[in-house]
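Chemist: Would you be able to build a 3D model of this:
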Amino acid sequence: MFLIGLYHCDHLQTGVSPILPGALVDSTYIIDPNEYLDNRRATFLLSRLPPALVVHIKEAKNCSYEALADTLNRGFRGSPDSTVTVTMNWFERNSRSREIVCWNPRTIQDNIESHANLVGAIANTLTRSRTTIYGDLGKRFAELPPGWLSAGVAHCLYIWDPEYVAVR
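Modeler: As a prediction, this is how the structure comes out:
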């Protein structure tokens, strides 16, 4: 992990696959592939994120890894299939190329609270490393589906927020 201005940056990781293993497909046990994949999506995503980002998210949510995975699974279940597919493909493709992603640890808590689900909050937290080099406000990855903001939460930018000047 390295720092660029307000941002922490690190490579996406290679991790587990969300694909149903062949051994389970041919199993004598009754396995619902959709349920299996639902539970694997969060593990897939968490295994791709930089470990320091996972720690920052766990601290912001004040929860265990398992609770974090459950929250992500709920977010995936509440998202359109096309969004889930594009999100999963984006993380698969960019983790293979070891894309460098950045995030501002000071805004993670507010970002999580202002989004409809954790998947969207993570998508909107990640920024391109090259956009943060000169201390500018980081730009998100346009190819990664954005997360919806929560409808029942006030969304404020405060004048003392370092991102205020860049947005104003």
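Chemist: going forward, measure contacts between C-alpha atoms and count neighbours the same way
Modeler: Fine.
Chemist: Could you pull up the residues touching the most centrally placed residue in the chain?
Modeler: In the chain, the residue lying closest to the centroid (Cα atoms, centre = their mean) is I122, at 3.0 Å. The contact partners of I122, taken as Cα atoms under 8 Å, 6 or more residues apart in numbering, are I112, G147.
Chemist: do that again at 10 Å, thanks
Modeler: Residues near I122 by Cα atoms under 10 Å, 6 or more residues apart in numbering: 45, 49, 53-54, 57, 72, 103, 108, 111-112, 115, 146-147.
Chemist: Next secondary structure element downstream of the host helix or strand of it?
Modeler: Following DSSP states H and E, one finds I122 within helix 118-125. Per DSSP H and E, the first helix or strand lying C-terminal to helix 118-125 is strand 127-128.
Chemist: so what does that following strand touch, helix or strand wise?
Modeler: Using 3 or more Cα pairs under 10 Å, 6 or more residues apart in numbering; DSSP states H and E as the contact test, the elements touching strand 127-128 are strand 7-11, strand 100-103.
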